[in-house]
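[1] everything below, folded, please.
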Amino acid sequence: MVDAPTNPSEQLHLEWEARIRVLTNSHVWKPILLAFGIPSVLLGIFFAFISGKAEYALLVPLVALGVLLTLFVLIALVIDVFGGFKCHFFLTTLGVRSVSGRGARAASQAAILMGIFAGKPGAVGAGMLAESEQNVFIPWKAVTKIKVKGRYIHIKREWGFKPIGLYCTADNAKQAIEILRYYAPDKFA
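    From the prediction side, this is the model:
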């Protein structure tokens, strides 16, 4: 188990652990499609403009999106076969914290190493970005929006910062919402 936050002025209200499946997780697919889709479409428009062939505006995004989604599905399948990513969540008097488990750390470190050995700076950067997001904290005063979808709670802060997705259990979802309503009552969407 991950240690609770150690700030002496911080009191723990709620702590739990969740295993997050990737392949069947609807909360993962939308950002993945946006992250892969938008650059693919822009790349297609760029190639169509440069080459003067309008069919590239459709062909390039379809091929790029197909390749990237195939890789994502294969990686997600491996992650899910091993039980998904373990994540720890904390609701405290100072804010909301999400700490990734060993699997997420191993995946980010593997991406960094594979990028280094393959000479791919993009893969190194992606791994470093994933590594930096292993321990995410949002102070209560920085919460800008809270969206509840069943037992999934999406907490946003100002643009440019990583949001936190809380994967609550059947036992703690109501308690988590009560704590969120206490500290950020006007942020619910």
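[2] ok, the residue lying farthest from the centre of the chain - contacts?
    Computed with C-alpha atoms, centre = their mean, the residue of the chain farthest from its C-alpha average is Gly52, at 37.5 Å. Under the criterion of C-beta atoms under 8 Å, 6 or more residues apart in numbering, the contact list for Gly52 is empty. C-betas here are computed from N, CA, C, even on glycine.
[3] now the element after the helix or strand of the chain with the lowest mean pLDDT, going C-ward?
    The weakest-scoring helix or strand in the chain, judged by mean pLDDT, DSSP states H and E, is helix 121-132 (a mean of 65). Remark: after helix 121-132, the chain's next helix or strand is strand 135-139, criterion DSSP states H and E.
[4] need the contact list for Val81.
    Taking C-beta under 8 Å, 6+ apart, we find Val81 in contact with no residue.
[5] same check on Leu166?
    Residues in contact with Leu166 (C-beta under 8 Å, 6+ apart) are 89, 96, 98, 152-155, 176.
[6] low-scoring stretches of this structure, by residue?
    1-7, 79-80, 101-111, 115, 120, 122-134 (pLDDT under 70).
[7] just the helices in it please.
    In the chain, helices defined by DSSP state H lie at 26-51, 56-81, 102-118, 121-132, 173-183, listed in chain order.
[8] run the chain-centre distance for the second one.
    Relative to the centre of its chain, helix 56-81 is centred 18 Å away, using C-alpha atoms, centre = their mean, to the nearest Å.
[9] can you check what angle separates that helix from helix 26-51?
    150 degrees (axes from the mean of the first three to the mean of the last three C-alpha atoms, to 10 degrees).
[10] about what we covered before: next, format the helices of the chain as CSV and append distance to Lys141.
    Converted to CSV, the helices of the chain look like this (distance: least, C-beta to C-beta, whole Å):
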stretch, distance to Lys141
helix 26-51, 25
helix 56-81, 34
helix 102-118, 27
helix 121-132, 22
helix 173-183, 9
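[11] show me the one of these that comes nearest Thr144.
    helix 173-183 (13.0 Å; C-beta to C-beta).
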